[in-house]
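K.L.:
starting from these lines, generate the structure:
(chains A and B)
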Amino acid sequence: EPEVTQTPSHQVTQMGQEVILRCVPISNHLYFYWYRQILGQKVEFLVSFYNNEISEKSEIFDDQFSVERPDGSNFTLKIRSTKLEDSAMYFCASSLRLTGNTDTQYFGPGTRLTVL
Amino acid sequence: QKEVEQDPGPLSVPEGAIVSLNCTYSNSAFQYFMWYRQYSRKGPELLMYTYSSGNKEDGRFTAQVDKSSKYISLFIRDSQPSDSATYLCAMSGAAGNKLTFGGGTRVLVKP
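P.N.:
Next up, the predicted model:
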């Protein structure tokens, strides 16, 4: 069964450093998302991406964040200058978004980001 | 008022019992409703997906949506220890839109 994959599974970085989190969405999916989950808190939406541009972003997704689909398979989230409060699990998701009333988002296993 | 509310639990049941989970929400624009299962430090796994009001059954799982009450439910029949996890409700206003999650209910099924 196709699945969303993410690398690395765990990333440790120093405050102020740049990190890039990588995702390979399900191959025929068209919509891509990043969510994050701070330990013990809700899963929160960060950004959605379609047709090589951001379609929606939350207030969390400020100028420190960017997304890119550098080739036909990868989808990346970059944090330019990490802060302690960026420590969280980051989940990538993808969906096919069929026409009509069906749409399901499939999540990857997550990258645990620890900022020291 | 939070957009999506979910009792955090833990909800402890004996093996074989019916697990009953629910969420309430405040945004009447939500039309798509999902239940995800999340094991510790893993990604959410889609269990059920429902559009608008009504019931949907898949194996041991039944999802119900009552839009007039802004209330959704998930029932797990014949619960197994492997069902022990956190169950997240999620919803969106349109296909492809962001998901808004509840905080999750932790379920423990004891052998």
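
K.L.:
rest of the way, CA atoms for contacts and neighbours
P.N.:
OK.

K.L.:
first-to-last residue distance for stretch B:11-24?
P.N.:
For stretch B:11-24, the first and last residues are 17 Å from each other (C-alpha to C-alpha, to the nearest Å).

K.L.:
next, count neighbours for B:Gly102.
P.N.:
Counted by other C-alpha atoms under 10 Å in any protein chain shown, the residues lying close to B:Gly102 total 27.

K.L.:
for it, what are its contacts?
P.N.:
With contacts defined as C-alpha atoms under 8 Å, 6 or more residues apart in numbering or on different chains, the neighbours of B:Gly102 are A:42-43, B:4-6, B:23, B:88-90.

K.L.:
which among those residues end up buried?
P.N.:
Restricting those to buried positions leaves A:43, B:4-6, B:23, B:88-90, with burial counted as 16 or more other C-alpha atoms under 10 Å in any protein chain shown.

K.L.:
and the residue of chain B found nearest chain A, what element?
P.N.:
Using C-alpha to the nearest C-alpha, the single residue of chain B nearest to chain A is B:Gly43, 4.2 Å away. B:Gly43 belongs to no helix or strand when elements are defined using DSSP states H and E.

K.L.:
nearest residue to it other than its sequence neighbours?
P.N.:
Counting by C-alpha to C-alpha, 6 or more residues apart in numbering or on different chains, B:Gly43 lies nearest to A:Pro109, which is 4.2 Å off, once chain neighbours are set aside.

K.L.:
can you tell me the SS state at the one you found?
P.N.:
Taken by DSSP: H, G, I helix; E, B strand; the rest coil, the conformation at A:Pro109 corresponds to coil.

K.L.:
what about it, how many neighbours?
P.N.:
By the criterion of other C-alpha under 10 Å, A:Pro109 has 23 neighbours.

K.L.:
turn the contacts of B:Gly102 into JSON lines, columns for distance to B:Arg106 and pLDDT.
P.N.:
Listed next are the contacts of B:Gly102 as JSON lines, based on distance: C-alpha to C-alpha, whole Å; pLDDT from 0 to 100:
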{"residue": "A:Lys42", "distance to B:Arg106": "13", "pLDDT": "93"}
{"residue": "A:Val43", "distance to B:Arg106": "14", "pLDDT": "95"}
{"residue": "B:Val4", "distance to B:Arg106": "16", "pLDDT": "95"}
{"residue": "B:Glu5", "distance to B:Arg106": "14", "pLDDT": "95"}
{"residue": "B:Gln6", "distance to B:Arg106": "10", "pLDDT": "95"}
{"residue": "B:Cys23", "distance to B:Arg106": "13", "pLDDT": "97"}
{"residue": "B:Leu88", "distance to B:Arg106": "9", "pLDDT": "97"}
{"residue": "B:Cys89", "distance to B:Arg106": "12", "pLDDT": "97"}
{"residue": "B:Ala90", "distance to B:Arg106": "15", "pLDDT": "95"}
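
K.L.:
tell me the one of those nearest B:Glu57?
P.N.:
Ranked by distance to B:Glu57 (C-alpha to C-alpha), those are led by B:Cys89 at 16.0 Å.

K.L.:
kindly export the helix or strand hosting the closest one (C-alpha atoms) in CSV.
P.N.:
With the criterion set as DSSP H and E, the secondary-structure element containing B:Cys89 is strand B:85-92. Taking C-alpha atoms only, strand B:85-92 is exported to CSV below (Å, rounded to 0.1, in the frame of the first residue of the first chain):
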residue,chain,number,x,y,z
ALA,B,85,-3.9,4.3,21.1
THR,B,86,-4.9,7.9,20.9
TYR,B,87,-7.9,8.6,18.7
LEU,B,88,-8.1,12.0,17.0
CYS,B,89,-11.1,13.6,15.3
ALA,B,90,-10.4,16.0,12.5
MET,B,91,-12.6,18.1,10.3
SER,B,92,-12.5,20.5,7.4
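
K.L.:
done for today, thanks.
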